[in-house]
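Undergrad: using only what follows, build the 3D model:
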Amino acid sequence: MTDADEFAEQIRAGDVRLHELEDHADHDTATAARRILLESETDATLDAVGDYAFDAERAENNVENMVGGAQIPMGVAGPVNVSGGSAEGDYYLPLATTEGALVASVNRGCSVITSAGGADARVTKTGMTRAPVFRVQGVAEAEEVVNWVADNRDRLADAAESTTSHGELLDVTPYVVGASVFLRFVYDTKDAMGMNMATIATREAASLVEEETPASLVALSGNLCTDKKPAAINAVEGRGRSVTADIRISRETVEERLHTTPKAIEEANIRKNLVGSAKAGSLGFNAHAANVVAAAFLATGQDAAQVVEGSNAITTVEARENELYASVSLASLEVGTVGGGTKLPTQSEALDVLGLRGGGDPAGSNADALAEIIAVGALAGELSLLAALASRHLSSAHEELGR
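TA: This next block holds a predicted model:
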């Protein structure tokens, strides 16, 4: 009997708890013991799950009760030419997905963009948010808190920034709802996605608010941040990176490469992405931007749940004289090139494909570049899908690829 078998027996006997295994064994043995336990208590065989290629000990900050790894096929789209504020040149975009035809569609869009001279992309706003909620007795105390915050921005910044060598407090906006006061803190987190950084910094600032005002902290996150939930505030104010990519494509290229016309793509965008989305009450006015965001997030080690905010995008299309203009604006794209899942082996390699692993020079430039490239990838996906719909080739493309 192996050490892993023995630990599995100890878990069954109640002598060791599932999450305590790493206190008694190395990380690989603990992981194997959990697999043995699961296999004995279910009908599962976990050979593939156990065939992981990363250091289990290094992954302890990414997952608890580890049993192995989940593998997702990764493809690549491109090269696509990007002219951005931080990204400049031709890039291959790694995309991890289980949706057949997605990479092929994005790849087609990338080819069209590059043949048209490349896409422009710019990060127009940066700021990771955390919004704690405080309790007060009534609106008079709420006003006192709001006034104190306005008069003490420097003290709040000093408190928040004392917890990090990288984060910078950019703004604090108060919102009052009856006896609740929300303070929406906004941080520049440089090349980190920065959610943990913002949370720790805000905790320190919130303690100062409690010391100096009548407010009592109820929750460090009051859902006005807003993280991993559809929210109009992110569409308006942005979160993470607000980034736009656009392209001008000649009529000839549209007809030859996308097999339709600028006018047809414009109409499809208006009736589908704008009117249809409005009728549905959607916060996203796009065809499938979340597809590219999710696949890029999984490939490069981003927080996959934040695809919710990443789907918060508007696609615009104009049939101009002898050309097509198209853009995608993602209001709340939350990405980083350091920390979190970016340190895992395959994710680090994907960032290496982009030339964006680790911190940039200047700080924040790598994360800006990643946002710009993902935005161009989303634009490629929008162009390809809208053209397929306008030319009525969507179903035949899926049939041809056997999806």
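Undergrad: quick one: buried residues of stretch 385-393?
TA: Within stretch 385-393, the residues scored as buried using 16 or more other CB atoms under 10 Å are L385, L386, A387, A388, L389, A390, S391. To be clear about C-beta, it is placed using only N, CA and C from the backbone, and glycine gets the same treatment.
Undergrad: so F297 makes contact with G310?
TA: Yes - taking contacts as CB atoms under 8 Å, F297 lies within contact range of G310: 7.2 Å.
Undergrad: low-confidence regions, the protein specifically.
TA: Low-confidence segments of the chain, defined by pLDDT under 70: 1, 393-403.
Undergrad: same thing but 50
TA: Scanning the chain for pLDDT under 50 picks out 395-399.
Undergrad: then E210 would be within a strand, right?
TA: No - counting by DSSP: H, G, I helix; E, B strand; the rest coil, E210 is not found in a strand; it is helix.
Undergrad: how near is it to V218?
TA: 11 Å (CB to CB, to the nearest Å).
Undergrad: between the two, what contacts are shared?
TA: Counting by CB atoms under 8 Å, 6 or more residues apart in numbering, the common neighbours of E210 and V218 are F134.
Undergrad: helices along the stretch 301-403 of the chain, start to end?
TA: Per DSSP state H, counting those that start in this stretch, the stretch 301-403 of the chain carries helices over the ranges 307-310, 345-354, 365-390, 394-400.
Undergrad: do the same with the stretch 1-150 of the chain
TA: Going by DSSP H, counting those that start in this stretch, the stretch 1-150 of the chain shows helices at 3-13, 27-41, 102-115, 139-151.
Undergrad: let me know which of those is tucked in deepest.
TA: helix 102-115 (a mean of 23; mean count of other CB atoms under 10 Å).
Undergrad: okay, the helices of the stretch 301-403 of the chain, which one's buried deepest?
TA: Of all these, as judged by average neighbours under mean count of other CB under 10 Å, the leader is helix 365-390 with a mean of 28.
Undergrad: quick check: angle from it to helix 345-354?
TA: Counting by axes from the mean of the first three to the mean of the last three CA atoms, to 10 degrees, helix 365-390 lies at 80 degrees to helix 345-354.
Undergrad: re the thing from before, quick check, nearest of the buried residues of stretch 385-393 to A4?
TA: L385 (47.1 Å; CB to CB).
Undergrad: how much space between that closest one and V335?
TA: Counting by CB to CB, the gap from L385 to V335 is 22 Å.
Undergrad: circling back: any chance of the helices of the stretch 301-403 of the chain in a markdown table, with distance to L38 too?
TA: Formatted as a markdown table, the helices of the stretch 301-403 of the chain follow (distance: least, CB to CB, whole Å):
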| stretch | distance to L38 |
| --- | --- |
| helix 307-310 | 28 |
| helix 345-354 | 23 |
| helix 365-390 | 35 |
| helix 394-400 | 36 |
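Undergrad: out of those, which comes closest to G194?
TA: Here helix 365-390 is closest among these (CB to CB), at 9.0 Å.
Undergrad: centre of the chain to the closest one, how far?
TA: 14 Å (CA atoms, centre = their mean, to the nearest Å).
Undergrad: repeat for stretch 120-128
TA: 14 Å.
Undergrad: surely P214 meets Q137?
TA: Yes - with contact defined as CB under 8 Å, P214 and Q137 form a contacting pair (6.9 Å).
Undergrad: which one of these two has more residues nearby?
TA: P214 (18 against 11; other CB atoms under 10 Å).
Undergrad: and the nearest residue to that one once chain neighbours are set aside, what does it touch?
TA: Nearest non-adjacent residue to P214, counting by CB to CB, 6 or more residues apart in numbering: E141, 4.5 Å away. Applying CB under 8 Å, 6+ apart to E141 gives the contacts A179, T213, P214, A215.
Undergrad: so who does the last one touch?
TA: Looking back up the chat, that one is A215. F134, R135, V136, E141, V145, V181, V209.
Undergrad: shouldn't the first one be in contact with V177?
TA: Spelled out, that is F134. No - in this structure, F134 is not within contact of V177 by CB under 8 Å, at 11.1 Å.
Undergrad: so the two - more neighbours on which side?
TA: The neighbour count for F134 versus V177, taken as other CB under 10 Å, is higher for F134 (24 against 11).
Undergrad: next one: the residue nearest to the more buried one when sequence neighbours are not counted from V209, what distance?
TA: Nearest-residue entry for F134: A215, 3.7 Å, with adjacent residues in sequence omitted and distances by CB to CB, 6+ apart. Separation of A215 from V209 (CB to CB): 6 Å.
Undergrad: mutual contacts of those two, please.
TA: F134, V145.
Undergrad: grab the nearest non-local neighbour of A304.
TA: Nearest non-adjacent residue to A304 (CB to CB, 6+ apart): F297, at 5.3 Å.
Undergrad: packing partners for whichever strand or helix holds that neighbour?
TA: Element membership for F297 (DSSP states H and E) is helix 289-300. Where contact means 3 or more CB pairs under 8 Å, 6 or more residues apart in numbering; DSSP states H and E, helix 289-300 is packed against strand 88-96, helix 102-115, helix 307-310, strand 323-333, helix 345-354, helix 365-390.
Undergrad: which one of the ones you listed lies nearest to V80?
TA: helix 102-115 (3.7 Å).
Undergrad: state the number of residues packed around N196.
TA: Neighbours of N196 under the rule other CB under 10 Å: 15.
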